[in-house]
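*Asks:* the following comprises the amino acid sequence and a computationally predicted model.
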Amino acid sequence: MDGLFLVVVLAVAGVLQTRNHLTPGVAPVGKTTTLQGEPVSFQSLRGKPTLVAIWAPWCGVCKVESQNISWAMRLAGSAANVVSIAADFESVADVKRFVDDHDADYPVWLGSRPLVEQFAVQGFPTIYFLDSEGRVKRSAVGYTSTIGLLTRLLL
């Protein structure tokens with residue numbers, strides 16, 4: 001009975017944390033640049049399911065989850081896209097330091113205020129899972145295990 005109670009509490013917490021996120025079926029739009037300064041857009045992600053991780057360099061949970069994102073990307077292989085959006089940073093040097101310190105091998109896009117607001121980010125990390133047409137399937141806030149990321153990405 002205690003286990004069921006915990007599952008219910010976690011499910012309710014998840015719903016409350018994501019209640020203001022983009023609704024399923026909405027396709028994010030916009031352009032930004034990669035950490036290397038190359039232009040990118042959400043349109044380029046279509047054709048495969050996509051994990052979009054929105055994080056901040058100062059976020060402790062983001063630091064712990066970074067390895068899970070790397071593992072999810074490697075395990076999904078060519079079946080899916082994995083990208084991240086660095087948000088709420090003071091300088092690009094802060095983002096580069098995070099990437100280096102945490103061996104982040106996944107693509108990093110630089111998030112602008114309008115881009116982050118579009119995703120209704122209220123806490124870090126925020127993860128969106130898009131279908132192959134670029135539409136939101138689901139979202140999550142906070143730490144997510146590698147298995148949790150892969151399950152939500154590929155199912």
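*Replies:* That came in fine, so what should we check first?

*Asks:* check which helices and strands the strand or helix carrying S70 is in contact with.
*Replies:* Here S70 sits within helix 60-76, counting by DSSP states H and E. With contacts defined as 3 or more CB pairs under 8 Å, 6 or more residues apart in numbering; DSSP states H and E, helix 60-76 has these neighbours: strand 50-55, strand 81-86, helix 92-101, helix 146-154. Using the backbone N, CA and C atoms, a C-beta is placed for each residue, glycine as well.

*Asks:* point to the residue nearest the middle of the protein.
*Replies:* By CA atoms, centre = their mean, the chain has its centre lying nearest to A53, at 1.4 Å.

*Asks:* what's near enough to touch that one?
*Replies:* Residues counted as contacts of A53 (CB atoms under 8 Å, 6 or more residues apart in numbering) are E65, I69, V82, V83, S84, I85, Y106, P125, T126, I127.

*Asks:* chain neighbours aside, what residue packs nearest to it?
*Replies:* S84 (4.3 Å; CB to CB, 6 or more residues apart in numbering).

*Asks:* could you figure out how far the helix holding S70 is turned away from strand 50-55?
*Replies:* 160 degrees (axes from the mean of the first three to the mean of the last three CA atoms, to 10 degrees).
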